[in-house]
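Novice: Next one to model:
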Amino acid sequence: QFAWSRGVIYLTLFFTPLYFSSSHWFPFTTPKTLIIIGGTLLSAIFFLCGFIVQSEESIKLTPLHYVLFVFLLVMAVAGVFGIDPQTSFFGTFFSSVSIVLLWTLGVLATLIGEFVRRDFGFVKKIAGSMFFSGIVVAFISHLFTLGFNWWVFDVAESGSTIGNSSFAGTFLLFALASGFYILFTAQSWKKKIFTSAGILTILVSPLFLNAQLWRGVISVSDILHSPFILSGAAQGAQLGVVVFLLFSLSFWLIVSEKKAKKIIGATLLIIFAVGLGLSYASLLNPGSKVHQYFAEAKSGNRFVFWDIAKVAIERKPFLGYGFENYQKVYQQNFDPIIFKEGYAAEQWVSNPHNVVYDMAVSAGIIGLLAYMALLGFTCVAFLKFVKEKEKVAEKAMIVFAGVLVGYLAQNFFVFDTPTSFLVYFVYIGLA
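Specialist: Numbering: from 1, shown residues only. Down below sits the predicted model:
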């Protein structure tokens, strides 16, 4: 039964990013949520059957489990007292993200954690499921660049089977981390070469590298004049990849046994963290070049979304309005400035495109603190584990800590979907 339970988890992780269905109004969200919930419930049933049959087995809870439970409990309480509990608990037909989904993923994370405790080799198999699925997603996005005709490309363009370039980029960020883990733990050159090819397939996809480069539209002089022209469609995820690599390097040096490496790692960590913080502060400053560049690239709408969220948070600062209820908050505090030149006339918005404002609107300051505590505790759990271990397969998990920081950085500009929540909770389970 335990083998069946693990098998269902592998299949759920591999097929969820790839599955979509035109029979649903939103073909790239609802079908994925159904697979996640169905796969998790089936895996849990097999696990419980095995647990009953093998009565000598036990389940071990760690401090991270309690932090996860507190986060899920806060979201549930905020949903009950929010402005629309039905939307909070069951989501909408377009986003398919809900408290029910979060609790389901909490079960999945617990199952994964239990299997990792029993067999550490499970980590590599989980990473392989995500990585190979990521390669397929990236490969399909290349087909869009090559001009293949498919109704999916008419809707999603380079977003592949995820449905949107930003959403696909988030998934591929985690897929890259899984790929690097497999690369660092591979023992044969064949596996290293194959894994490197998979990583390269993802990195040069139109999500991370401008598709016009492959079409010959961009010249060397264009690149020298404006290097950012190489940027692909998923710019938030590109930031996440850079942050992931920089912080992974810093964490690796910090957990080293050599004092010199620890000092270098800590110094780099401080520099990267301060730089990231100052960049974000500059983004919020209307007079800064960063703010102006972002407004030109994405229009000024994001700042309008954030301003509306600020007003809403001031009115209900503690438990917020309930998960997934920003669309109602947006309408209640609608700003007609979006009809002016320089803005996109978005009259209907479901998310502020910023995890801080999203969580604060959803569950107030309490919910935001619970969310940050969960992410931070998961990252620390990876660092603590790596520091205490000696084997390469264990040390390589440092990349999982780094990708969580990259995930947080890119979530300042995008929002979570069923697929991104899936891979995030998988990493919680691995910790």
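Novice: low-scoring pLDDT stretches of the chain, where are they?
Specialist: For the chain, the stretches flagged by pLDDT under 70 are 56, 297-299.
Novice: Which secondary structure state is assigned to residue 349?
Specialist: Of the three states, residue 349 takes coil under DSSP: H, G, I helix; E, B strand; the rest coil.
Novice: Can you report phi and psi for it?
Specialist: When read as degrees, to the nearest 10, the backbone of residue 349 gives phi -130, psi 130.
Novice: Then residue 231?
Specialist: When read as degrees, to the nearest 10, the backbone of residue 231 gives phi -60, psi 140.
Novice: quick one: contacts for it?
Specialist: Going by Cβ atoms under 8 Å, 6 or more residues apart in numbering, residue 231 touches 210, 238. Every residue, glycine included, has its C-beta placed from N, CA and C.
Novice: Tell me the bridge partners for it.
Specialist: Beta-bridge partners for residue 231, by DSSP bridges, are residue 209.
Novice: Please tell me how far it sits from residue 218.
Specialist: Residue 231 sits at a distance of 11 Å from residue 218 (criterion: Cβ to Cβ, to the nearest Å).
Novice: who touches both of the two?
Specialist: Residues touching both residue 231 and residue 218 (Cβ under 8 Å, 6+ apart): residue 210.
Novice: Which parts of the stretch 101-250 of the chain are helices?
Specialist: Assigned by DSSP state H, counting those that start in this stretch, the stretch 101-250 of the chain shows helices spanning 122-145, 151-156, 165-185, 189-203, 211-214, 220-225, 235-254.
Novice: what packs against the last one?
Specialist: To tie it back to what came earlier, the one meant is helix 235-254. Helix 235-254 sits against helix 165-185, helix 259-284, helix 355-388, helix 398-410, with contacts defined as 3 or more Cβ pairs under 8 Å, 6 or more residues apart in numbering; DSSP states H and E.
Novice: Which of those helices sits closest to residue 328?
Specialist: The minimum distance between residue 328 and the helices and strands packed on helix 235-254 falls on helix 355-388, with 10.0 Å, by Cβ to Cβ.
Novice: Double-check that residue 342 belongs to a strand.
Specialist: No: read with three-state DSSP, residue 342 is coil and lies in no strand.
Novice: Okay, it and residue 82: tell me how far apart.
Specialist: Taking Cβ to Cβ, one finds residue 342 at 33 Å from residue 82.
Novice: neighbours of residue 128, just the number please.
Specialist: Using other Cβ atoms under 10 Å, residue 128 is surrounded by 18 other residues.
Novice: Pretty sure it sits against residue 178.
Specialist: Yes: at 7.3 Å, residue 128 counts as touching residue 178 under the criterion of Cβ atoms under 8 Å.
Novice: neighbouring contacts of stretch 300-320?
Specialist: Contacts to stretch 300-320, defined as Cβ under 8 Å, 6+ apart, come from residues 77-78, 81-82, 286, 291, 294-295, 321, 326, 329-330, 332-335, 337-338, 342-344, 346, 349, 351-354, 357-358, 360-367, 413.
Novice: Restricted to buried residues, select those in ChimeraX.
Specialist: Those of these that count as buried under 16 or more other Cβ atoms under 10 Å are selected in ChimeraX with:
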select :78,81,82,291,294,295,321,326,329,330,338,343,349,351,352,353,354,357,358,360,361,362,363,364,366,367,413
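Novice: Does residue 36 belong to a helix, a strand or coil?
Specialist: Residue 36 is classified as helix under three-state DSSP.
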